[in-house]
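> Sequence isn't available, so here's the structure alone:
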C-alpha cells in the first residue's frame, strides 16, 4: 500500500470511513480491507447508515472505532458536536479530507472543510489533514462528465494551470495516514505531478477518448445561468462558480510533494488517468 517502511496499526483496529459511497470513500474501503484492516463503511445509503442530520445514527457508527476518515457534510453546523461525540466514544485518530487553498478562502467557498480542520485540530486526538487539488475524476464521475459527453465543457477558470490529482492517489495517502504512525499533526497538500490548463486537459481527454470535446471560457455569471437552466439550485451554482473563478488566482497552480512525502513515489500523471478512464468507457 505504501513504499515507505512505516509502523502499521493493528489490523483488527476498527476504522470508520464516512462518505463511504463517495469518490474517495468507495475506493478507500476496499483498499483498507484488502490490506487486512477492519472497516465500517458509513453513509446515508451504504452498508452502515450514517446521516449528519440524524444524530441517532452517530453512536452506532462510532462504537468501537479507533480511527476515522472524516468527509464533512455540505453544511458545517454538526461537525463540532460529531467530533466531540467521536472523541468521547474513544476515537483517537482522525484523517480529514479538506481542500487545497482552504486556508485562504476559509468559510467563503467550502465552510465545512474549514470547520472540520478547525475542530479536529483543537481536539486532543491524533489528527492529519489532506488538502488535494481538483480531482481528475471530476471529468468522468462528477460535475464535468455530462458536459464532456455533449462535447463542450464551459467554465469560468481562465488558463491558469491546475495539477489535477488522481483520486486513487488520494485514497492511498488516506489509507497510509489511517494505518501508519508518524503523521500526527501534519497537513499534506496533494496534487498531480504536472499542471495543465483546463483547455489542455480537455484536449488530452479528447485525444484519449477519440471523442470530439472542446473547452469554452465563460464568465461566472454565464456559468451560473447555465447551471440554473439545468435545474441546479442557484446557491449551489453560485458556490461552484465562485470556487472555479477563484482558481484564476493561481494559488493552487504549482504541483506539491504530499503524495511523495507520504507514499514515497510520484503521483499518477493526468495522462494515466485519461487513458484508463477512456479505456473503461467513461465517455462512451
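Okay, I see it. These numbers come from a predicted model, not from an experiment. Residues are numbered from 1 along each chain as shown.

> Give me the buried positions along stretch 125-140.
125-137, 139-140 (16 or more other C-beta atoms under 10 Å). Heads up, the C-betas are built off the backbone N, CA and C, glycines and all.

> what about it, how long is it end to end?
Stretch 125-140 stretches 36 Å from its first residue to its last (C-alpha to C-alpha, to the nearest Å).

> Now intersect the buried residues of stretch 125-140 with the strands, please.
Cross-referencing the buried residues of stretch 125-140 against strands under DSSP state E gives 126-132.

> need these in CSV with distance to residue 30 and pLDDT, can you?
Converted to CSV, these look like this (distance: C-beta to C-beta, whole Å; pLDDT from 0 to 100):
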residue, distance to residue 30, pLDDT
126, 24, 98
127, 24, 98
128, 21, 98
129, 23, 98
130, 19, 98
131, 24, 98
132, 20, 98
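
> Could you identify the most distant pair in these?
126 and 132 (20.7 Å; C-beta to C-beta).

> Identify the residues contacting the nearest residue to residue 22 once chain neighbours are set aside.
Of all residues not flanking residue 22 in the chain, residue 71 sits nearest, at 6.3 Å (C-beta to C-beta, 6 or more residues apart in numbering). The neighbourhood of residue 71, defined by C-beta atoms under 8 Å, 6 or more residues apart in numbering, consists of 18-19, 22, 24-25, 97.

> Leaving out chain neighbours, which residue sits closest to residue 40?
Nearest residue to residue 40, sequence neighbours excluded (C-beta to C-beta, 6+ apart): residue 16, at 4.9 Å.

> Next, the contact list for the one you found, please.
39-40, 42, 61-62, 65, 67-69, 91.

> Throw the ones in strands among the buried residues of stretch 125-140 into JSON lines and include distance to residue 215, thanks.
JSON lines is the format used below for these (distance: C-beta to C-beta, whole Å):
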{"residue": "126", "distance to residue 215": "43"}
{"residue": "127", "distance to residue 215": "38"}
{"residue": "128", "distance to residue 215": "35"}
{"residue": "129", "distance to residue 215": "32"}
{"residue": "130", "distance to residue 215": "28"}
{"residue": "131", "distance to residue 215": "26"}
{"residue": "132", "distance to residue 215": "22"}
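
> if I look at residue 16, how far off is residue 61?
Per C-beta to C-beta, to the nearest Å, residue 16 is found 6 Å from residue 61.

> and for these two, which residues touch both?
40, 42.

> wait, isn't residue 100 in contact with residue 188?
No: with contact defined as C-beta atoms under 8 Å, residue 100 does not reach residue 188; the gap is 10.1 Å.

> can you list residues touching both of the two?
Common contact partners of residue 100 and residue 188 (C-beta under 8 Å, 6+ apart): residue 131.

> In a strand, residue 105, correct?
No: with DSSP: H, G, I helix; E, B strand; the rest coil as the criterion, residue 105 is located in helix rather than a strand.

> Now residue 81. Nearest residue, chain neighbours left out?
The shortest distance from residue 81 to any non-neighbouring residue, by C-beta to C-beta, 6+ apart, is to residue 55 (7.7 Å).

> count of neighbours near the one you found?
12 (other C-beta atoms under 10 Å).

> Who does residue 94 form a beta bridge with?
residue 68, residue 127 (DSSP bridges).

> how far away is the nearest residue to residue 67 once chain neighbours are set aside from residue 99?
Leaving aside its sequence neighbours, residue 67 sits nearest to residue 93 (C-beta to C-beta, 6+ apart; 3.9 Å). Distance of residue 93 to residue 99, given as C-beta to C-beta: 21 Å.

> What lies in contact with stretch 27-36?
By C-beta under 8 Å, 6+ apart, stretch 27-36 touches 1, 11, 15, 17, 20, 39, 41, 69, 167-168, 171-172, 174-175, 178-179.

> What's the PyMOL syntax to select whichever of the residues you listed are buried?
Under the burial definition 16+ other C-beta under 10 Å, those of the contacts of stretch 27-36 that qualify are selected in PyMOL by:
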select buried, resi 1+15+17+20+39+41+69+167+168+171+172+174+175+178+179
